Structures are given as structure tokens and as C-alpha cells.
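Undergrad: What shape does this take:
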Amino acid sequence: MKVLIVENEIYLAQSISNKLGDVGYSCEIVSSAQQVRFENHYDALLLSTNVGDLSKIITHYKKSVIILLVSYISVDTVIDPMGAGASDYIQKPFMVEELVRKIKHYQRFKALETLNNSYLGYINLRLQRANIGNFDYKKLKLPLLIKTSKPINADAFVLNYVKALQASFLCVELSSQSSVNELFKMLGKADLLYATNAQNLSEQEREKLFKECGKKALIIHTSVDLEGVNLPVTDLNDTEKDLYSEEILTIDEYVRYVILHYQNAYPDTDLSKKLGISRKSLWEKRKKYGLVKKK
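TA: Residues are numbered from 1 along each chain as shown. Here you go, the predicted structure:
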């Protein structure tokens, strides 16, 4: 791990460098902000607020761990630099062990933040295909059964719910071999348990699930109507088939789907070739389906 120490008290800087070196860090020392070589990469920066304006350094290295070394706490030494992107501060005099703890803590935080943003970007990309209505998630009462033939819409519903309530959740894929007893054992491990495809449960396990779910923090998904359910049911009303539904599209349904979703991405000549039909036939099908091409 590469660390830059910006400190004008040379003995303090050298002492920090020696002790960080003992735990495996590679340190570089400069005594002023003007001596910082911005072309270099640093995993962590220790910035003394005694060396003047640090805003340029903080802005440039805000993706790294930045710990302020402060003699006193004020707006100039702590509030403004942290508002600009510094991770934390430590007040002089301090124990190097506490400094190392802060560096490691924010290292882990930065790594998790990067990973989390990557996951969120991927999830948001995948959920662009989802199409659900607007719900006041904070007013929903659990347990709840949601019905949709498109699992991605159920996923979007649950992710919107946990986002609105800032809750944690676990997802369980149900099958004919699933045990409801094992399902309930997982409830205490998160704020919410999301159980998908309840239609796959055996009749006995399904009856047990809906009989014993009580006031448990459950959202249960089904793709079909279920008999004997005593839970509130939210029907997402998305019965229209598409390429991502579990049912096979007819040729007519497939042609309609392709025209609807790709007619503004391809010229009619290319689109008709990809569908294996003439431009005249494409025009007739667009008229038949009531589809209007954007100009």
C-alpha cells in the first residue's frame, strides 16, 4: 500500500513513516502541498492541515483514503476538507495504531463502495426491462403476495421496496423440494425474505407457507393464481408476453414484439429483412398491430 504523508513537522512525518513501514506500508514524505507530484498514485494520503490549502490535493485524490492530521478542530481544518472529499481526521497527538485502524477501515469502505456501485450499475441495467406501476412502498403491509408472469418485474418491485425502506433482504428460489420450515429459519437473517416462484411448491408445502406466514416479513412471488391464499395480493397486471417471459411466443407475438421494440432502431428495409418479410408486409403488420413509428 502506497501512502503519501504531507507534513511540515519533519520528525512527526518520519516517525509516522517508520511505524507505517513496520506494518508493510510504503511511504513518501513531502513538507508542503506544492511538492505533491500529482502524476503519482497513492492508496492513502495523510494531510497535515498546517501546510496550507489542501483543496487541490483532496479533489485530485478523492478516490483514495484521505486522513487529515489536525492540531485543532475547526471549519477550516476539518469541516471544509471533509466536505471536499477527505475521508476522516485524527487530532494530534495520536497513536499510530489508531491511524492505521482508520486507514484500514476506509480502505475496506472504499472497496465496498466501489463493489456496491458496480452491482448497482449492473442491477439498474438489467431492471430497465422491468415495467411496474407506482407504489407507496412504505405503506405496504407484510406478508404480501405479488403475482406476475415476469420474474424481473417481481425483482424490481422487491428492490424498490427495500430501497424505499432502507432494508436488507434475502432471496430464495422455491421449488417442489423446498421446505417451508427451512425458509422460515432464514427470516431472522435479514429485514425481509423474498421467496420467488411459489407456484413451484408442492401443494402441502404451499398450504403450510400461507397458513404459517402470519405477520412475518415476507414477500412471496407467484406467476399464477393460487387457491386458498389468505394474503393481500398485488397483481402487477403484466400478462403481455415478451422475450423474457417464461412462455413461448407465437410467431405473430414475436413479430409484434420485434416491430414494437426495434422499429425505431432499424430502417424498415433492414427490419423487414431480419424478420424475413417484405417492406409492404411490415407496413401491413404495423397497421394490424396499431403500431406507430416515431419520425
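Undergrad: going forward, measure contacts and count neighbours with C-alpha atoms only.
TA: Noted.
Undergrad: gap between the residue positioned nearest the centre of the chain and L159?
TA: The centre of the chain sits closest to L120, judged by CA atoms, centre = their mean, with a distance of 2.6 Å. In this view, L120 and L159 are 11 Å apart by CA to CA, to the nearest Å.
Undergrad: next helix or strand past the helix or strand containing the residue nearest to the centre of the chain?
TA: Using DSSP states H and E, L120 sits in helix 96-126. Once the chain leaves helix 96-126, the next helix or strand it forms, by DSSP H and E, is strand 144-147.
Undergrad: what does that following strand rub up against?
TA: Contacts to strand 144-147, defined as CA atoms under 8 Å, 6 or more residues apart in numbering, come from residues 154, 218-225, 231-237.
Undergrad: Apply the buried test to these and list what passes.
TA: Neighbour-count burial (16 or more other CA atoms under 10 Å) applied to the contacts of strand 144-147 gives A154, L218, I219, I220, H221, T222, S223, L231, V233, L236.
Undergrad: Closest to A130 out of those?
TA: Using CA to CA, A154 comes nearest to A130 of those, at 8.6 Å.
Undergrad: my read: Y194 touches F169, true?
TA: Yes: under the criterion of CA atoms under 8 Å, Y194 makes contact with F169 at 6.9 Å.
Undergrad: what number of residues lie near I259?
TA: Look at I259: counted by other CA atoms under 10 Å, it has 23 neighbours.
Undergrad: What helices and strands are in contact with the helix or strand harbouring it?
TA: Under the criterion of DSSP H and E, I259 resides in helix 251-262. Applying 3 or more CA pairs under 8 Å, 6 or more residues apart in numbering; DSSP states H and E, one finds that helix 251-262 contacts helix 268-275, helix 279-289.
Undergrad: Dump those helices into TSV; add distance to Y72, mean pLDDT and mean neighbour count as well.
TA: Below are the helices and strands packed on helix 251-262 laid out as TSV (distance: least, CA to CA, whole Å; pLDDT from 0 to 100; neighbours: other CA atoms under 10 Å):
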stretch	distance to Y72	mean pLDDT	mean neighbour count
helix 268-275	69	90	15
helix 279-289	72	86	14
